[in-house]
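Novice: coords below, sequence missing:
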Ligand SMILES: Cc1cc2nc3c(=O)[nH]c(=O)nc-3n(C[C@H](O)[C@H](O)[C@H](O)COP(=O)(O)OP(=O)(O)OC[C@H]3O[C@@H](n4cnc5c(N)ncnc54)[C@H](O)[C@@H]3O)c2cc1C
């Protein structure tokens with residue numbers, strides 16, 4: 001069973017490496033690839049790493065990150081900071097680090113930036129530990145590896161600031177994807193079931209305030225350090241996009257090359273992405289790619305997770321319908337002006 005799992009992670013790693021070729025073959029300028037670390041190692045092991053990371057001081061967290069980063073940079077991995085792990089878990093960790101190293105090297109060779117996804121709070125600290133290590137190993141010149149910050153969490157601001165500090169202390173550039181968060185229902189359910197306080201803000205408004213606070217924080221940091229920090233404002237929320245643009249203008253951050261990107265799902269909220277791109281901002285459309293049966297649940301989850309996106313789709317539908325009517329009207333006007341026969345489809 002154990003062996004089968006590891007072989008599945010190996011296969012997934014190979015598929016991820018093929019995605020780099022795909023990105024390269026599309027000839028897109030500064031491509032991004034989203035990575036779910038749970039695809040290349042077991043969530044149970046990440047949860048164990050999360051425990052270790054959570055119960056460590058900032059100084060010890062830095063030692064843990066440094067140790068994994070060293071292994072990704074070709075040195076021997078010091079396992080002593082991970083002595084709480086069982087021998088089998090350590091073995092598994094070594095394999096996972098090796099896979100992440102391969103992914104980082106490929107990203108570096110092909111200059112494809114990696115956005116590591118954030119998932120559930122019980123594994124996020126472990127994901128951060130591995131992602132920060134990748135940053136230290138591969139972000140020496142510019143932010144190639146980026147971590148994700150879910151602003152529906154009460155702790156996000158402190159997490160973002162302390163992780164930025166760790167990477168800076170270890171000499172890496174920093175990349176951040178700022179999202180609201182996709183696992184609201186599950187997080188609240190889990191907290192109720194296990195009897196701990198919900199990690200999620202109590203209202204949508206509080207999440208919004210936190211989102212805007214985190215964006216302002218990173219923009220101010222970019223304003224100070226320039227290209228050593230990059231962010232992607234990954235949202236379908238018009239107000240957040242507007243706020244980011246206003247702050248960028250105030251700080252004179254270049255729309256295209258100032259290190260700030262905007263991200264939306266492909267096929268969603270084009271009424272935000274297209275005007276942004278035509279105004280010269282860097283826009284990323286996230287395209288879920290894979291076998292139909294695996295991609296559909298992802299899309300269904302996205303739709304179910306928040307009504308806001310569904311409302312956005314309704315708005316988008318109305319806008320498309322208005323545009324279609326406007327074009328038909330224009331065509332009819334032109335045809336009657338030139339006395340042409342109108343054909344209906
Ligand atoms: C490019 C891209 C990458 C993404 N990557 C990730 C990722 O790695 N990890 C991840 O978790 N998600 C990710 N997401 C999804 C994201 O977290 C949101 O679920 C989605 O974008 C909807 O939020 P919004 O800001 O676009 O829209 P909005 O409609 O403004 O916000 C909806 C969000 O607000 C929050 N919210 C809603 N109601 C409440 C409430 N009552 N109390 C508190 N908060 C509330 C929830 O987070 C909800 O998803 C990604 C999205 C994009 C576009």
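Specialist: Looks like it arrived, so ask away. Model, not experiment: these values are computed from the prediction. Residues are numbered from 1 along each chain as shown.

Novice: number of residues surrounding residue 97?
Specialist: Close neighbours of residue 97, defined as other C-beta atoms under 10 Å, add up to 21. (Each C-beta comes from the backbone N, C-alpha and C, glycine too.)

Novice: oh sorry, the question was meant for residue 113
Specialist: Residue 113: 22 neighbours (other C-beta under 10 Å).

Novice: now the residue lying closest to it once chain neighbours are set aside: how far from residue 141?
Specialist: In this structure, residue 113 finds its nearest non-sequential neighbour in residue 32, 4.8 Å apart by C-beta to C-beta, 6 or more residues apart in numbering. Distance check for residue 32 against residue 141: by C-beta to C-beta, to the nearest Å, it reads 17 Å.

Novice: so these two - more neighbours on which side?
Specialist: Taking neighbours as other C-beta under 10 Å, residue 32 and residue 141 compare with residue 32 leading, 21 against 11.

Novice: residues contacting the more buried one?
Specialist: 112-115, 232, 261, 263, 284 (C-beta atoms under 8 Å, 6 or more residues apart in numbering).

Novice: residue in the stretch 1-150 of the chain nearest to the ligand?
Specialist: Nearest residue of the stretch 1-150 of the chain to the ligand: residue 117, at 3.3 Å (C-beta to the nearest ligand atom).

Novice: hmm, that residue is touching residue 35, no?
Specialist: Yes - using C-beta atoms under 8 Å, residue 117 is in contact with residue 35, at 6.7 Å.

Novice: settle it for me: which of the two has more neighbours?
Specialist: Per other C-beta under 10 Å, whichever of residue 117 and residue 35 has more neighbours is residue 35, with 22 against 18.

Novice: would you check that that one makes contact with residue 118?
Specialist: No - using C-beta under 8 Å, residue 35 is not in contact with residue 118, being 11.3 Å away.

Novice: after the helix or strand encompassing residue 133, next one along is what?
Specialist: Using DSSP states H and E, residue 133 sits within helix 124-138. For helix 124-138, the following helix or strand on the C-terminal side (DSSP H and E) is strand 145-150.

Novice: tell me the angle that next one makes with helix 124-138.
Specialist: 160 degrees (axes from the mean of the first three to the mean of the last three C-alpha atoms, to 10 degrees).

Novice: partners of strand 145-150, with directions?
Specialist: Paired strands of strand 145-150, with direction, are strand 113-116 (parallel), strand 174-179 (parallel) (DSSP bridges).

Novice: and those strands as a markdown table, adding mean pLDDT?
Specialist: As requested, the strands paired with strand 145-150 are arranged in a markdown table below (pLDDT from 0 to 100):
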| stretch | mean pLDDT |
| --- | --- |
| strand 113-116 | 97 |
| strand 174-179 | 98 |
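
Novice: any chance of those in TSV, plus distance to residue 256?
Specialist: Formatted as TSV, these follow (distance: least, C-beta to C-beta, whole Å):
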stretch	distance to residue 256
strand 113-116	15
strand 174-179	17
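
Novice: follow-up on the earlier one: which residues does the residue of the stretch 1-150 of the chain closest to the ligand contact?
Specialist: Shown in contact with residue 117 (C-beta under 8 Å, 6+ apart): 34-37, 148.

Novice: what does the pLDDT read for the residue nearest to it when sequence neighbours are not counted?
Specialist: Once flanking residues are discounted, residue 117 sits nearest to residue 36: 4.9 Å by C-beta to C-beta, 6+ apart. At residue 36, the model reports a pLDDT of 95.

Novice: fine by me, thanks again.
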